[in-house]
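Q: Structure, please.
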Amino acid sequence: MTNDAVQKQYYLDIEGEQVAVSKEVYLAYMQPVWREQKRVERQKRCIDENGRRCMKDCSQCPKTPSGGVLSLEKFMTDGLDFSSSDNVEEECVRRDLRQAIRFALGALSNSDREIFLRAVAGYKEREIANFLHMSQTNVNKRKRYVFEYLRKQLEAYR
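A: You can find the predicted model right below:
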């Protein structure tokens, strides 16, 4: 017998009736079902000390599964909203950018940080110089240095 003569039959249960289908149709239909079953199975597993899923018998495990279902739909039904942005990835990038800006500003000296904050707020160099008791030329140089420094620090976010 050749492989062509012995061909496995695939069936799907449609409205209580077994319908013969090709292997491609069977796999296309069943793969999402299997994926969901595996996701639910993993979700029930607890996480060990190393951050890996425990594969031991859950009925004898002293730990309880960590967490529960995590999905945007669950957060929304619980009353939590992420913002007007539908793209979670964009929200995460914005959060990372804000953290990088805070870190970069924290690395500046107090006078450089003050120059930056006042320049961004719309103060003129002369006003900043008067406030910090330094020359306008010095404020101009420090402001260029600060913006160049921040540009280099935040280059990855362009």
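Q: Return, as residue ranges, the portions of the protein with sub-threshold pLDDT.
A: 1-6, 43-51, 53-86 (pLDDT under 70).
Q: Report the residue ranges of every domain in it.
A: 8-44, 85-158 (automatic domain parsing).
Q: Figure out which of those is closest to Arg52.
A: Evaluated with CB to CB, these place domain 8-44 nearest to Arg52, the distance being 11.3 Å. From N, CA and C alone the C-beta is placed, and that goes for glycine too.
Q: Quick check: buried residues in that closest one?
A: Using 16 or more other CB atoms under 10 Å as the test for burial, domain 8-44 gives Tyr10, Val21, Tyr26.
Q: now those residues as TSV including secondary structure and distance to Val88?
A: Output for the buried residues of domain 8-44, formatted as TSV (DSSP: H, G, I helix; E, B strand; the rest coil; distance: CB to CB, whole Å):
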residue	secondary structure	distance to Val88
Tyr10	strand	37
Val21	strand	37
Tyr26	helix	34
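Q: Please render the domains of the chain as a markdown table that adds distance to Arg52 to the earlier fields.
A: Shown next, in a markdown table, are the domains of the chain (distance: least, CB to CB, whole Å):
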| stretch | distance to Arg52 |
| --- | --- |
| domain 8-44 | 11 |
| domain 85-158 | 24 |
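Q: gap between Val139 and Ala107?
A: Applying CB to CB, to the nearest Å, the value for Val139 to Ala107 is 20 Å.
Q: In terms of neighbours, single out the busier of the two.
A: A direct count of neighbours by other CB atoms under 10 Å for Val139 and Ala107 places Val139 higher, at 25 against 12.
Q: Tell me how far that one lies from Arg42.
A: 58 Å.
Q: With Val19 instead?
A: 31 Å.
Q: do Arg35 as well
A: Taking CB to CB, one finds Arg35 at 11 Å from Arg42.
Q: Arg102 and Leu132, how far apart?
A: From Arg102 to Leu132 the distance is 22 Å (CB to CB).
Q: Compare the two and say which is more crowded by neighbours.
A: Neighbours were counted for Arg102 and for Leu132 using other CB under 10 Å; Leu132 has more, 16 against 10.
Q: What sits closest to that one if chain neighbours are left out?
A: Ser111 (5.9 Å; CB to CB, 6 or more residues apart in numbering).
Q: who touches Gly106 in this structure?
A: Listed by CB atoms under 8 Å, 6 or more residues apart in numbering, Gly106 has no contact partners.
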